[in-house]
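let me see the structure of the following:
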Amino acid sequence: MLRILIADDHDIVRRGIKQILLEEFSFAHIEEAIDTDSLIAKAINEKWDIVVSDLAMPGGGGLFALRVILEKVPDLLVLFFSTYPEEQYALRVIRAGAAGYLNKNIATEELAKAVKWILSGKKYTSPAIAEKLGLPKDFTVATLHELLSERELSIFVMIAEGQSISEIASKLGLATTTISTYRSRILVKMNLRTNAELTQYAARLLVTVDFLLHIKLRYKDRTMIKASIFSCLQSMFL
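Numbering: from 1, shown residues only. The predicted structure follows:
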C-alpha cells in the first residue's frame, strides 16, 4: 500500500491535497502533519513512500525539517509545494535533498503527476520552470553540471579547486574578463549564486566518486580530469 504523509499548517489545504491524491491513488494510506515538529516526528518514526509538504510552516519550516529528516531517513522522498516562485526555490530545495518542488498555483493539475514522477526515481519541477532553467526533462541534481559546455566545465573544476580568476585566465591563455563571463554563465546555468555554493556542489559530486561517470565527457583526457578531481579533494578536505 502506498503511504503518503501530507504536511501543511492549514486544514483546508491538507484536505484539498488529500482529495487530489486519493482521486489518483485510491488505495493510498494518507496521514497529515500540521506543523514542522509533527512533520519531523511522523517522517522519522513511521515508514512513508513519499512526503508532500508545504515549505513555510510554524516551527522552522520545510527546509529545516528536511535537514533533520534526511539525517535519520536519507532515502525518504519529499515533494515540497509552496506559493514561493519556482525559479527561486525549485533547485534550492532539490539541492537540499528534496525530490521535487511544485507551485501551489498548479498543484491541482500537476500534483498526482509529480508524485508518480518522483516515485519512478526522478526529480520533479514543473515543465515550465524546467524549460525556463534549461533543465533536461528527467534531470537530477547530479546532471546540472552537464548543462555546461566543455570550456565551462573545465572552468567549473578550476573554480572548485580554489583557483582565482587571474590564475585560470593565465592557465587557459584568456583574458580575466572572459573568465569572469564564463563564471557568470556557470552560476546562471546551475542556479548558483557564489563560488562557495559552486564548491559545495562540486564536493557533493566528488565525494561520491560519481563525478567522472556523470561528466560523460566531452573531456578527451580522463587522466587530466582525474588529477583535477584529486587536487580539488585535497584542497577542500586536507
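
distance check, the residue sitting furthest away from the middle of the chain against Arg183.
In the chain, the residue that sits farthest from the middle, by CA atoms, centre = their mean, is Gly173; the gap is 34.1 Å. In this view, Gly173 and Arg183 are 17 Å apart by CB to CB, to the nearest Å. Every residue, glycine included, has its C-beta placed from N, CA and C.

likewise Val93?
Separation of Val93 from Arg183 (CB to CB) stands at 24 Å.

what about those two, which has more around it?
Val93 (24 against 19; other CB atoms under 10 Å).

am I right that that one is in a helix?
Yes. Val93: assigned to a helix according to DSSP: H, G, I helix; E, B strand; the rest coil.

isn't it right up against Leu79?
No. Using CB atoms under 8 Å, Val93 makes no contact with Leu79, being 9.3 Å away.

shared neighbours, these two?
The contact sets of Val93 and Leu79 overlap at Tyr101 (CB atoms under 8 Å, 6 or more residues apart in numbering).

leaving out sequence neighbours, find the closest residue to Ile4.
Distances taken as CB to CB, 6 or more residues apart in numbering place Ile30 nearest to Ile4, at 4.8 Å, with adjacent residues excluded.

could you say which helix or strand holds the one you found?
Using DSSP states H and E, Ile30 falls within strand 29-33.

give the rounded mean pLDDT of that strand.
Averaged over strand 29-33, pLDDT sits at 96.

distance from that strand to the middle of the chain?
25 Å (CA atoms, centre = their mean, to the nearest Å).

touching the next helix or strand after that strand from outside, list them.
Using DSSP H and E, the helix or strand that follows strand 29-33 in sequence is helix 36-45. For helix 36-45, contacts defined as CB under 8 Å, 6+ apart pick out 5, 7, 31, 33, 48, 51, 53, 57-62, 64-65, 68-69, 72-73, 76.

what does stretch 106-122 give?
4, 17, 20-21, 23-25, 49-50, 52, 77, 79, 81, 99-100, 102, 124, 126, 138-140.

His29: neighbouring residues, count only.
12.

for the residue most central in space within the chain, which residues are in contact?
To find the centre residue of the chain, average its C-alpha atoms and take the closest one (CA atoms, centre = their mean): that gives Ile94, at 2.2 Å. Neighbouring residues of Ile94 by CB under 8 Å, 6+ apart: Gly100, Tyr101, Lys123, Thr125, Val141.

and those as a markdown table, adding pLDDT?
Shown next, in a markdown table, are the contacts of Ile94 (pLDDT from 0 to 100):
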| residue | pLDDT |
| --- | --- |
| Gly100 | 87 |
| Tyr101 | 88 |
| Lys123 | 79 |
| Thr125 | 78 |
| Val141 | 50 |
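
lowest average confidence across helices and strands of this protein, where is it?
Ranked by mean pLDDT, DSSP states H and E, the weakest helix or strand in the chain is helix 211-215, scoring a mean of 43.
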